[in-house]
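Q: Let me see the structure of the following:
(2 chains)
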Amino acid sequence: MSGSIKDRVAIIGMGCTRFGELWGKGPSDLIVEAVNEALADAGIEIKDIEAAWAGSIFSGHGGRSVSEPLRLQFKPVSHCVNACASGHDAVRNASYSVAAGIYDIVLAVGFEKLKDEGTSGLPGMDNLTHTHAVATMPGMFAMMATKYFHRYGLSPQEGKTMLAKISVKSHYNGSMNPKAHLRNVLTVERVLNAPIIAWPLGLFDCCGVSDGGAAAIITSAELAKKFRPDPVYIKALQICASPTSGRLTTDYDFTHVEEGYRAGLAAYKEAGIKNPRKEISMAEVHDCFSITEAVTMEDLQFSQRGKVKEDIDAGTFELTGALPVQPDGGLKCFGHPIGASGIRMLYELYLQLQGRADKRQIKNPKLGLAHNMGHEPLAPTVSVCIVGL
Amino acid sequence: MIGITSYGAYIPWHRIDRQKFAKAWGGFAIPGERAIAYYDEDSVTMAVGAAIDCLTDLDPATVDGLFFATTTSPYKEKLCSATMALALHLRRDIQTSDVTGSLRSGTTALGFALDAVKAGRASNILVAASDTRMAPPSGINEQALGDSAGAILVGKKNVIAEILDSYSVSDELAATWRSENDTFIRAWEDRMVMDESYSRVMPEVLSGVMNKCGLSPKDFAKVVFDPPGDVRRHGRVASELGFDATQLLDPAGIFMNVGLLGSAMPFVMLISALEQAEPGEKILFAGYGNGADAFVLQVTNAIKKLGARRGFSKHLESKHMMENYNDYLRWREIVPLDQARRPDRGPISVSAIWRQRKDLLGLWGIKCRQCQTPQYDNGGITTTPIRVCAVCGAVDDFDDYDFSRKKATVFSYTLDQLAPAPDPPSSVVLIDFEDGGRMLFDLTDRNPAEVQVGMKVEMTFRKVYFNRGIANYYWKARPIRC
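A: Got it, this is the predicted structure:
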């Protein structure tokens, strides 16, 4: 593999809806609102879009899901369905089309309308034979926490306290974000005393379930500065899909995510990053559950294996720490409208890099990393995107 | 010599103190406790449990037929024994039959098995009797009934109890019945039924078979026959025939600890008798229900060589007392309940479960011929069947590998409060099998407080879903029972 996306394309406009239980809004609202903000941000019109990529898994089927609400006039539109990495995959394919010299201005839009089910959690994902063990997504990730505590000798209290600090940090950041779904400030005590959802994970270890949409307009690096003085350049776009061997063979330790580690390695190589902990200024990672964020810190080499607790205790990932993580509040506060999350993460990194993050502004960020993890730890698909000035 | 060559039993882990019924409804409680099938158990799963016990140390490929005896088949039209045959790894060129409709369907099926072996149509036939009968809530029968299964293998080699002869009586009067639309058993005034049916039919069939063989009560070490709803009538029949108390396999122990077991009752009683039997002893055995079937058995020396099984006595000891009566109502789906606010599960695809019948019902996985790694996958739409080895990438170069009899260790687990479960929390384990292979399974028959990493588990055949009129049977893990 010789090619690299680094500095070949740039984001010139982004939009993001408020995330939440948007009872009064449908998929069309989410798409149109996110795209209109992105178009205005880029200073272009819908007719300037030459091609589009949609990312969603439950809402919409096919490219028409996006062309229809936007009335895109007879343009090529594709639909990326790649679990929680669908949004990043839309950005990835859109970016490649520009890098290939096919188009000058393209749109990636992620959206998901989850709150039309009348039930909690995600819509059903039973297998065809209904022989899956009856665990929810919290249950599947809880098993990783069980194993992490067991392997590193953390008592339930120690382990849960470590995880609680992750949620407290994210809620603090999210409380300053008008677009976040959950904007309440938490305490470690409150997190620890919350009802158990799937042992050992409690209510505040789990992200919310929300509706939302987010969009990015991408052009070539050559053209980018014609649209704005501060385009954000793509440094790496990697996706790693699981061969699903961890569920079948006994050598997988269930305290890391191999696909996350490998997606990180590939992205660092593509971006020319040698020391991720020092070089990455901030990260938006897939904190569907607190344990996922903890393990991801190790997979992305921000923390040493088994040592994330030390970094959490030291405040490394807080907004004022050495490597702020979830500056916008993360999935924890935004919830996880599947297709929208990846682009919502890029939206925060984009604002931060341009100095537009208001109260959440990190000092002088240079490189931001966004990470999505689809499916569950035994068989995930992980995306890592790195963007910078 | 033709006779019984092996036996096995199954009693559900869950028991309820009969005081719980009286506490819920008021009124009188029969002393003792009864067995209650868990929410994922039915007559089929319990029969499979008993049959697996019966086939301990035996090659399932030697079985030429499977008869499933029950009054509580999950189907009016579909053969349960054909499903069970896959779970038990029996051959395809065998006789499978469900014998239903009578409380003596077990002994009737035993007669059919005897005839088939005598006629040379089969060498070994497995008969499994199992019942999960329900009585209307709040009545005394709700306390009296119990759920269990027994299995008996009939054959010619290594006979532990020769069947010398048999005798049957047909009687139109049914002590209990259920119409096509009845969930719960119905009964006539029991004194009339006792007088006119049980107390006439049972002596008639026992005397009939003794006369046929030229034997009298003194020739028998044990007399084993099932009791009616009024257990006292059982002893009266025995004493009127001239048996003394030492000869009688007293059903009170089973009644007090497990319940009245429907078509499984005579089998479970016989199995408890065989566990104590000595070579040379004769056993008089009968089952009642719209008439009766009786058999004369002669225990052989081979009974001492039969390997250890869980049988009646070990299953009896291995139990977990239920906290309350409500769970019984919930597990047996007697009352409509609020549904968990979770997404509906999709429909069952008959073609999908048929295509994977060997993996799903038999828990067959693969062992890679190149890297020797055992593998099993119950994962999803595109991951099964396994065509490419997860370790070395070999394609279609596998041998079949039986995971159903392997023990395993819990590698990780969760107790999921959000997942819909008839007995929350939904307990899910990622298990490592003793000789390789890993998979995620539901954990059943567990105490949530005792679930931990490193716990030893075994596999058990259960009902996991019901949709489109299809009972979806599959395997779960459970802490090693006993």
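
Q: So, low pLDDT: which residues of the chain?
A: Defaulting to chain A. Scanning chain A for pLDDT under 70 picks out the ranges A:1.

Q: Sorry, I should have been clearer: chain B.
A: Chain B contains residues with pLDDT under 70 at B:380-381.

Q: how does it divide into domains?
A: B:3-331, B:350-479 (automatic domain parsing).

Q: Out of those, which is closest to chain A?
A: Among the domains of chain B, domain B:350-479 comes nearest to chain A, with 3.6 Å by Cβ to the nearest Cβ. All C-beta atoms are positioned from the backbone trio N, CA, C, and that covers glycine.

Q: one step back: and among the domains of chain B, the most buried is which?
A: Among the domains of chain B, ranked by average contacts under mean count of other Cβ atoms under 10 Å in any protein chain shown, first place goes to domain B:3-331 (a mean of 21).

Q: quick one on the thing from earlier: with respect to residue A:86, which of the domains of chain B lies nearest?
A: When these are compared by Cβ to Cβ, domain B:350-479 sits nearest residue A:86, at 17.2 Å.

Q: Now the terminal residues of that closest one, how far apart.
A: End-to-end distance for domain B:350-479, by Cα to Cα, to the nearest Å: 31 Å.

Q: And for stretch B:357-373?
A: OK, stretch B:357-373 end separation, Cα to Cα: 22 Å.

Q: Find me whatever residue is spatially closest to residue B:215, sequence neighbours aside.
A: Take residue B:215 and drop its neighbours on the chain: the residue closest to it by Cβ to Cβ, 6 or more residues apart in numbering or on different chains is residue B:296, 6.6 Å away.

Q: ah, wrong one, I meant residue A:374
A: Among residues not flanking residue A:374 along the chain, residue A:83 sits closest, at 2.6 Å (Cβ to Cβ, 6+ apart).

Q: what residues are up against the one you found?
A: A:57, A:338, A:374, A:375, A:380, A:381 (Cβ atoms under 8 Å, 6 or more residues apart in numbering or on different chains).

Q: tell me which element residue A:130 falls in.
A: Here residue A:130 sits in a region with no helix or strand, counting by DSSP states H and E.

Q: In the sheet, which residues pair with the closest residue to it other than its chain neighbours? Tell me.
A: Leaving aside its chain neighbours, residue A:130 sits nearest to residue B:465 (4.5 Å; criterion: Cβ to Cβ, 6+ apart). Applying DSSP bridges to residue B:465 yields these beta-bridge partners: residue B:472.

Q: for residue B:465, what are its contacts?
A: With Cβ under 8 Å, 6+ apart, residue B:465 has these contacts: A:130, B:345, B:348, B:471, B:472.

Q: After the strand or helix carrying residue A:309, which helix or strand is next? Please name it.
A: Assigned by DSSP H and E, residue A:309 belongs to helix A:308-314. Elements were assigned by DSSP H and E; along the chain past helix A:308-314, the next helix or strand is helix A:330-334.

Q: who in the stretch 1-150 of chain A is up against chain B?
A: Neighbours of chain B within the stretch 1-150 of chain A, by Cβ under 8 Å from any Cβ of the partner chain: A:117-124, A:126-136, A:138-140, A:142-144, A:146-147, A:150.

Q: What about these, which are in helices?
A: Per DSSP state H, helices hold the following members of these: A:138, A:139, A:140, A:142, A:143, A:144, A:146, A:147, A:150.

Q: any chance of those residues in TSV, plus neighbour count?
A: TSV is the format used below for those (neighbours: other Cβ atoms under 10 Å in any protein chain shown):
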residue	neighbour count
A:138	27
A:139	27
A:140	24
A:142	31
A:143	30
A:144	26
A:146	30
A:147	23
A:150	18
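
Q: Just flag the most distant two among these.
A: Farthest pair in those (Cβ to Cβ) is A:138 and A:150. Separation: 18.2 Å.

Q: Excluding sequence neighbours, find me the nearest residue to residue 371.
A: Since no chain was named, I'll use chain A. residue A:285 (4.2 Å).

Q: To clarify, I was referring to chain B.
A: Per Cβ to Cβ, 6+ apart, closest to residue B:371 is residue B:392, 4.0 Å.

Q: Now do the same contact list for that neighbour.
A: Counting by Cβ under 8 Å, 6+ apart, residue B:392 touches B:368, B:370, B:371, B:373.

Q: now do 7 Å
A: Contacts for residue B:392 were tallied using Cβ atoms under 7 Å, 6 or more residues apart in numbering or on different chains; they are B:368, B:370, B:371.
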